[in-house]
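Participant: compute the structure for the input listed below.
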Amino acid sequence: MTRLIADIGGTSLRLAHQNGDDPALCDPAIMACADFATAEDAFAGYCAKHRLDIDMLCLAVAGPVNGGKVDITNNHWQFDVGKLAAAINLRAYLLINDFTAQAMAHRDLLQNNRSMPADRRQILRDGTADQTTPLLVIGPGTGLGVAALVPAGDDIQVIEGEGGHVSYAPRNPAEFMVLAHLAKEFGHVSAERIVSGPGLESIYHCQTGDHKSAPDIGALALAGDAAALSAVRLMLQSLGTVAANAALSLGARAGVVIAGGIAGKLSALLGDSGLIDRFDDHGRRRSCLHALPIYLSIDPLAGLRGAAAAFDNRYLARRTTLL
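Facilitator: This is a model prediction of the structure:
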């Protein structure tokens, strides 16, 4: 049996496959979604390149999961996963949210098994983890993903939501200025309008009047450019606010994992960014938040590893569709 594992974000597509009972991810590939007109083209090209005859597909997508219709948020791809599966002659598929996959990649933090290699996750702050409570996984990329793992007997369940679309909550004059700027354009301003790659671009434009891409702003910030550092710090402090709000709402006392493509690239700036101070700065619940461990996911294949694990999770696997 050969499984195709796919993780589609707003910008990138990650693919790998598994053979038989071997859990190893074979031939992992990271590709730009913009390079392919459709998801079908990307999948077909990968399978042809590696001469794969696929039996099953686990597909993690950056967008709401509702039936078989896929509409990638911040991406031009729209498709019916059932039709895609039939086109490549699958016998079963499992469709999940991309941050469900990201969360599943860190299930060891709830299973008394913190054996993940150091090149996949870093400890930003030690804390006291209550593994009987949820673990929050949150992270900015092209959008802002939010999910949580919840202990369920000898297994875990995933809380799948759209936490990146909660209303943005500014905490200081600079953040209020960015909110006012974006509200003129969008009306409702969600958290991911600020805490994401496009959000970083908006912050920088609001503060400087200039237009730069998120990768360029990040590179300038890492080089010490004052304007870029200001924009990055505002975004990361806002991430602290969103993460703290989610942790309090979910009772996530097992800790917080910061995932997504952006935080890892800016890891050298996290310590001085004010992110953790902002996370803790929540009045009467400061002591609760200050006790939480905070981790940084630095594994570019975390979504694939988590999606592969979904096949073996009793609560996710039961959503598998047979063809």
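
Participant: could you use CA atoms for every contact and neighbour count after this?
Facilitator: Fine.

Participant: list the residues that contact the residue lying closest to F279 once chain neighbours are set aside.
Facilitator: The shortest distance from F279 to any non-neighbouring residue, by C-alpha to C-alpha, 6 or more residues apart in numbering, is to G240 (4.3 Å). Contact analysis of G240 by C-alpha atoms under 8 Å, 6 or more residues apart in numbering lists L275, I276, D277, R278, F279.

Participant: can you put those in a markdown table and add pLDDT and secondary structure?
Facilitator: Shown next, in a markdown table, are the contacts of G240 (pLDDT from 0 to 100; DSSP: H, G, I helix; E, B strand; the rest coil):
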| residue | pLDDT | secondary structure |
| --- | --- | --- |
| L275 | 97 | helix |
| I276 | 97 | helix |
| D277 | 96 | helix |
| R278 | 97 | helix |
| F279 | 97 | helix |
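
Participant: buried subset of those residues, written for PyMOL?
Facilitator: The PyMOL selection below is limited to those of the contacts of G240 classed as buried (16 or more other C-alpha atoms under 10 Å):
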select buried, resi 275+276+278+279
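
Participant: and the contacts of G240, which is closest to R285?
Facilitator: F279 (10.7 Å; C-alpha to C-alpha).

Participant: surely the closest one meets T241?
Facilitator: Yes: the pair F279 / T241 is scored as a contact, 5.5 Å apart, by C-alpha atoms under 8 Å.

Participant: re the thing from before, isn't there a helix covering the residue nearest to F279?
Facilitator: Yes: if the criterion is DSSP: H, G, I helix; E, B strand; the rest coil, then G240 is within a helix.

Participant: need the contacts of G240 in JSON lines (columns: distance to A174).
Facilitator: Shown next, in JSON lines, are these (distance: C-alpha to C-alpha, whole Å):
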{"residue": "L275", "distance to A174": "15"}
{"residue": "I276", "distance to A174": "18"}
{"residue": "D277", "distance to A174": "17"}
{"residue": "R278", "distance to A174": "14"}
{"residue": "F279", "distance to A174": "17"}
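
Participant: now do the strands in this protein.
Facilitator: In the chain, the segments counted as strands under DSSP state E are 2-8, 12-19, 26-32, 56-61, 69-71, 78-80, 92-97, 121-125, 135-140, 144-152, 155-160, 256-258, 294-297, 321-322.

Participant: quick check: which of these is buried the most?
Facilitator: Most buried of the strands of the chain by mean neighbour count (mean count of other C-alpha atoms under 10 Å) is strand 135-140; its value is a mean of 29.

Participant: angle of that one against strand 155-160?
Facilitator: 40 degrees (axes from the mean of the first three to the mean of the last three C-alpha atoms, to 10 degrees).

Participant: related to what we said a few turns ago, tell me which of the strands of the chain lies nearest to A39.
Facilitator: That would be strand 78-80 among those, by C-alpha to C-alpha, at 7.7 Å.

Participant: and the closest one, how far from the chain's centre?
Facilitator: Centroid separation for strand 78-80 versus its chain: 21 Å, with C-alpha atoms, centre = their mean, to the nearest Å.

Participant: report the strands that pair with it, each with its relative direction.
Facilitator: The pairing partners recorded for strand 78-80 under DSSP bridges are strand 69-71 (antiparallel).

Participant: what sits up against the partner strand?
Facilitator: If you take C-alpha under 8 Å, 6+ apart as the criterion, strand 69-71 is touched by V61, G63, P64, W77, Q78, F79, D80, V81.

Participant: and of the residues you listed, the nearest to A308?
Facilitator: V61 (13.4 Å).

Participant: for the closest one, give me the pLDDT.
Facilitator: Note on V61: pLDDT of 89.

Participant: ok, it - contacts?
Facilitator: Contacts of V61 (C-alpha under 8 Å, 6+ apart): D7, I8, G9, V70, I72, L95, I96, N97, D98.

Participant: separation between the closest residue to Q78 other than its chain neighbours and A34?
Facilitator: Spatial nearest neighbour of Q78, chain neighbours left out: D71 (4.5 Å); criterion: C-alpha to C-alpha, 6+ apart. Separation of D71 from A34 (C-alpha to C-alpha, to the nearest Å): 15 Å.

Participant: is P151 in a bridge, and if so with what?
Facilitator: On the basis of DSSP bridges, P151 is bridged to I156.

Participant: so it makes contact with T132?
Facilitator: Yes: with contacts counted by C-alpha under 8 Å, P151 reaches T132, the gap being 6.1 Å.

Participant: low-confidence ranges, this structure, go.
Facilitator: Along the chain, the model assigns pLDDT under 70 to residues 73, 112-115.

Participant: do that again at 50, thanks
Facilitator: Of all residues in the chain, none has pLDDT under 50.

Participant: cool, thanks, talk later.
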